[in-house]
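Asks: the following block contains a protein sequence and its predicted model.
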Amino acid sequence: AQSVTQLGSHVSVSEGALVLLRCNYSSSVPPYLFWYVQYPNQGLQLLLKYTTGATLVKGINGFEAEFKKSETSFHLTKPSAHMSDAAEYFCAVSANQGGKLIFGQGTELSVKP
Amino acid sequence: DVKVTQSSRYLVKRTGEKVFLECVQDMDHENMFWYRQDPGLGLRLIYFSYDVKMKEKGDIPEGYSVSREKKERFSLILESASTNQTSMYLCASSLRAGLANVLTFGAGSRLTVL
């Protein structure tokens, strides 16, 4: 069975600082991994996804994530935080051919001026 | 762009009422999903559907049912609402079954049960 753990329910950074949001997964088969973002009062939207191939994946708004099989991790990073990055971020793993996603608990990112 | 529309953004219901949450997608997606979102618990799958008139239970189906009479519409039904069903409900759709399929989400329906 697949599962996802996001380390840290709240992360606070200063504007311009590095953003690092942690995600570890458990999967009995090669995983497909996703990061979604949820801005206040909105639904979730896709930031990036890893399927196969290159382990460093680039997404929208300057975010990227690296798939590390040996560490079962898929951490999300952005070199320089912007105020508009304040949102909740969800890591997810694809459960099976049906396209179901298993989500982590979410990490709320705050950006201080 | 694919659009997933949830008919009600905010609802307030009383314990024991029957509640309908409606979701419509406009891009001929085969798969539709209902999740609930609670602080600290992330998103949990309630039900999903791969085709018209087809449904499968997710991780937390108790107290819920669904209906998919048309491809574009997927309804979540709370037969007798309870206070522990106060939550944010998110509908999503994807083009077809597959590991790499991206889910497109609606804006959510925040339900309060008094």
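Replies: Good, I have the coordinates. Quantities reported herein were computed from a predicted structural model and do not represent experimental measurements. Numbering: from 1, shown residues only, chains lettered A, B, ... in the order given.

Asks: quick one, strands of chain A?
Replies: A:3-7, A:10-14, A:19-26, A:33-38, A:44-50, A:56-58, A:64-68, A:73-78, A:87-94, A:101-103, A:107-112 (DSSP state E).

Asks: could these be laid out in a markdown table, adding distance to residue B:47, mean pLDDT and mean neighbour count?
Replies: Heads up, the C-betas are built off the backbone N, CA and C, glycines and all. Formatted as a markdown table, the entries for these read as follows, by distance: least, C-beta to C-beta, whole Å; pLDDT from 0 to 100; neighbours: other C-beta atoms under 10 Å in any protein chain shown:
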| stretch | distance to residue B:47 | mean pLDDT | mean neighbour count |
| --- | --- | --- | --- |
| strand A:3-7 | 20 | 93 | 17 |
| strand A:10-14 | 30 | 97 | 14 |
| strand A:19-26 | 24 | 96 | 18 |
| strand A:33-38 | 20 | 96 | 24 |
| strand A:44-50 | 18 | 94 | 20 |
| strand A:56-58 | 30 | 95 | 14 |
| strand A:64-68 | 29 | 95 | 18 |
| strand A:73-78 | 27 | 97 | 21 |
| strand A:87-94 | 18 | 94 | 24 |
| strand A:101-103 | 14 | 90 | 24 |
| strand A:107-112 | 26 | 97 | 17 |
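
Asks: residue B:88 is nearest to which of those?
Replies: Smallest distance to residue B:88 across the strands of chain A (C-beta to C-beta): 9.9 Å, for strand A:33-38.

Asks: re earlier: just put the strands of chain A in a markdown table and tack on distance to chain B.
Replies: As requested, these are exported to a markdown table (distance: least, C-beta to the nearest C-beta, whole Å):
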| stretch | distance to chain B |
| --- | --- |
| strand A:3-7 | 8 |
| strand A:10-14 | 11 |
| strand A:19-26 | 11 |
| strand A:33-38 | 8 |
| strand A:44-50 | 4 |
| strand A:56-58 | 12 |
| strand A:64-68 | 13 |
| strand A:73-78 | 14 |
| strand A:87-94 | 4 |
| strand A:101-103 | 4 |
| strand A:107-112 | 9 |
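
Asks: wait, what's in contact with residue A:58?
Replies: A:48, A:64 (C-beta atoms under 8 Å, 6 or more residues apart in numbering or on different chains).

Asks: re earlier: now distance to residue B:87 too, for the strands of chain A, in TSV please.
Replies: Output for those, formatted as TSV (distance: least, C-beta to C-beta, whole Å):
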stretch	distance to residue B:87
strand A:3-7	19
strand A:10-14	20
strand A:19-26	23
strand A:33-38	15
strand A:44-50	15
strand A:56-58	31
strand A:64-68	28
strand A:73-78	25
strand A:87-94	15
strand A:101-103	14
strand A:107-112	17
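
Asks: the residue of chain B at minimum distance from chain A - nearest residue in space that isn't next to it in sequence?
Replies: Residue nearest to chain A within chain B: residue B:105 (3.5 Å; C-beta to the nearest C-beta). Nearest non-adjacent residue to residue B:105, counting by C-beta to C-beta, 6 or more residues apart in numbering or on different chains: residue A:43, 3.5 Å away.
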